[in-house]
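[1] sequence unknown, structure follows:
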Ligand SMILES: Nc1ncnc2c1ncn2[C@@H]1O[C@H](COP(=O)(O)OP(=O)(O)OP(=O)(O)O)[C@@H](O)[C@H]1O
Ligand SMILES: [Mg+2]
């Protein structure tokens, strides 16, 4: 119940030269919480709307529960959708909003009442049932929208940035509730967001999209640890991963990452990545997350640690981030808040060598195997 | 703090005074019609004319009724015709215009631009310029002397469609999509979502349409041959113009003027209230 299969799905909007969704090919298991994430305009909503049946599929096939649904109307797909602006019916009361879908499906009246009340209780909106949507706060509207989706007990929930209109605190709270709700209901959920925190915390799997193309599909941890390309590496994680250009050289059987300022002896575990590179000059981009940039006061040794200049620091509370420059190369390092660096300090900067990422300069692909599905 | 906010600024004083004056000026014709109808003959011909009646009487209405009861076609027949025509026109215009506007506002289809262009273009025609084509169409369809002949020309109401397009296109698409997912049929979406949400606009076009249809003499004059198919507006109009120079005519004209005006006023007040109510309570934006 509730598995979804996209088979090379494309969406071409009329008058647009580039497809909004380009070769979307993915199978979603039943009960999965799949998050679509990507920058604005990358085709997340379009994908979701095709799944909902609100947008025609230009080419490719879509299956829900192994049933071909390209031409099935939204109401017959057994889905429910939560919209970003909630889309509550302004002329109906909260109760009627939640009940409408059931009523239109000819559910018995006592059953409707039962279900609406149960949903209202779960979402703690029982006291609001008589109100009109215009008399609700943003958070309450959001709950009603959720309630409307849940009451029908569809096989698939579709959510398009449902939390983006809430303030930060309410968003965090609702996020936690949504996770719990989904775990209880065990319904397939496809969730669109451009917020990577939401993506990382909610999804059992995350699809990162850019310009209509899937960049990577992976579990949150894997996405963070093994980004398939530069885009994913930069998109997931905040502050974003540091990227440093350089060349990989081979000296006496060992690989080094070198550029004007650095010469890092790389652990042997990276050897397989570089052996596949046949070009003599191996231009790469090294990626390293802020938490794997090491700072220590004092002199650089020129090997493991190089000299840097602090340009700015940022304390977020639990962490503090140091923006430093190694020559022309800029890096951000996460440090303990207790150790305070000030502008123009010259700490020694090193890297946690087990946690480096290497990307091909021209294609942006990760050199690590297994990062991509394709 | 609150007191400070509530304090009336000089600008507000000027504004309120100006608008009050304007409103008073605008209401002069209404006050005049009201008073005029109750003026006895002596006051009707007073010079300089007075706005307010000194010695109100129902004499004018009596004369009017007397005259009407002597006519070949009873007064009530004209009234009945008017009610039927105006009622059907109102319903027809609302149905046709809301449907047309909904489709144009929310759907994509071939020649939509052309159709929109034609509607916009037809806004620019003065009613007189289309009288002859209308006559040709009505007689071509052989619906002279029928109620349909009264109603058909009024059904295509570019003003109504235009206003409704503006209003309906503001209804968020997500709302209609949510209804679609919830299982509403096309007709269901139209009747349960689009219509209730468009009530302010529908009220507005109802006022306009009512006033147009209630006072319109063109179909009665041009498309109806038998007197029994003509409307109250036509009767009053011919009464006034036919008896312009007679003394009794002035009495009747004054009374008839009020009678013709009152339904407009009632409809206006009725719908105006709805317009305000729905605008205050609707949850859109
Ligand atoms: N109805 C439409 N007609 C033409 N182009 C469209 C239409 N809807 C979306 N697009 C285009 O398709 C692309 C993808 O849009 P989509 O709404 O799916 O982006 P998104 O990932 O949801 O972005 P956001 O995070 O801003 O919501 C965009 O380039 C957009 O301009
Ligand atoms: Mg979107």
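    Right, received. Where do you want to start? Because the structure is a prediction, the values reported are computed rather than measured. Numbering: from 1, shown residues only, chains lettered A, B, ... in the order given. Ligands and ions are numbered 1, 2, ... in the order given.
[2] all contacts plus neighbour counts: C-alpha atoms, from now on.
    Noted.
[3] Pick out the residue of the stretch 101-250 of chain A closest to ligand 1.
    Of all residues in the stretch 101-250 of chain A, the one sitting closest to ligand 1 is residue A:194 (5.7 Å; C-alpha to the nearest ligand atom).
[4] Okay, now the unreliable bits of chain B?
    Residues of chain B meeting the criterion pLDDT under 70: B:1-6, B:243-245, B:247-248, B:277-285.
[5] ok, longest helix in it?
    Taking DSSP state H as the assignment, the helix of chain B that covers the most residues is helix B:247-281.
[6] if we can go back for a sec, the residue of the stretch 101-250 of chain A closest to ligand 1 contacts residue A:38, doesn't it?
    Yes. Between residue A:194 and residue A:38 there is a contact under C-alpha atoms under 8 Å: 5.4 Å.
[7] So the two - more neighbours on which side?
    More crowded of residue A:194 and residue A:38, by other C-alpha atoms under 10 Å in any protein chain shown: residue A:38, with 27 against 20.
[8] picking up where we left off before, now do the longest helix of chain B: which elements does it pack against?
    Where contact means 3 or more C-alpha pairs under 8 Å, 6 or more residues apart in numbering or on different chains; DSSP states H and E, helix B:247-281 is packed against helix B:10-37, helix B:41-44, helix B:59-70, helix B:199-215, helix B:232-242.
[9] domains for chain A, by residue range?
    Using automatic domain parsing, the domain parsing of chain A gives A:4-229, A:242-360.
[10] can the first one be found next to chain B?
    Yes. Taking C-alpha under 8 Å from any C-alpha of the partner chain as the criterion, domain A:4-229 and chain B are in contact, through A:52, A:54, A:74-76, A:79-81, A:83, A:85, A:87-91, A:100-102, A:104-105, A:132-134.
[11] Quick check on those: which are buried?
    A:52, A:54, A:74-75, A:79-81, A:83, A:85, A:87-91, A:100-102, A:132-134 (16 or more other C-alpha atoms under 10 Å in any protein chain shown).
[12] Pick the most buried one from the domains of chain A.
    domain A:4-229 (a mean of 19; mean count of other C-alpha atoms under 10 Å in any protein chain shown).
[13] Now do that one: distance from first to last residue.
    This stretch, domain A:4-229, spans 26 Å end to end (C-alpha to C-alpha, to the nearest Å).
[14] before we move on, what about stretch A:66-78?
    With C-alpha to C-alpha as the measure, stretch A:66-78 spans 13 Å from end to end.
[15] And the contacts of that stretch?
    Applying C-alpha atoms under 8 Å, 6 or more residues apart in numbering or on different chains, the contact partners of stretch A:66-78 are A:3-5, A:52-54, A:56-57, A:61-64, A:154-156, B:180-184.
[16] Among the residues you listed, which are located in helices?
    Secondary structure from DSSP H places A:52, B:180-182 of those in helices.
[17] that older thread, next, show the common contact partners of residue A:194 and residue A:38.
    With C-alpha under 8 Å, 6+ apart, residue A:194 and residue A:38 have no common neighbours.
[18] list the contacts for the residue in the stretch 201-350 of chain A positioned nearest to chain B?
    Going by C-alpha to the nearest C-alpha, chain B is nearest to residue A:212 of the stretch 201-350 of chain A, at 21.9 Å. Residues near residue A:212 by C-alpha under 8 Å, 6+ apart: A:19-22, A:24, A:42-44.
[19] And it, what's its pLDDT?
    You'll see residue A:212 listed with a pLDDT of 95.
[20] so what's it closest to, chain neighbours aside?
    With C-alpha to C-alpha, 6 or more residues apart in numbering or on different chains as the criterion, residue A:212 has its nearest non-adjacent residue at 4.0 Å, and that residue is residue A:21.
[21] quick one: that neighbour from chain B, how far?
    20 Å (C-alpha to the nearest C-alpha, to the nearest Å).
[22] contacting residues for that residue?
    When contacts are counted by C-alpha under 8 Å, 6+ apart, residue A:21 touches A:9-12, A:42-43, A:46-47, A:211-213.
[23] which phi and psi does it have?
    Per-residue torsions, residue A:21: phi -130, psi 130 (degrees, to the nearest 10).
[24] partner residues bridging it?
    residue A:11 (DSSP bridges).
[25] what's the distance between it and residue A:275?
    To residue A:275, residue A:21 is 35 Å away according to C-alpha to C-alpha.
[26] Ok, residue A:126 next?
    With C-alpha to C-alpha as the criterion, residue A:126 and residue A:275 are 64 Å apart.
[27] Check residue A:128 too.
    According to C-alpha to C-alpha, residue A:128 stands 65 Å off from residue A:275.
[28] same check, this time on residue A:165
    49 Å.
[29] for residue A:125, same thing?
    As defined by C-alpha to C-alpha, residue A:125 lies at a distance of 60 Å from residue A:275.
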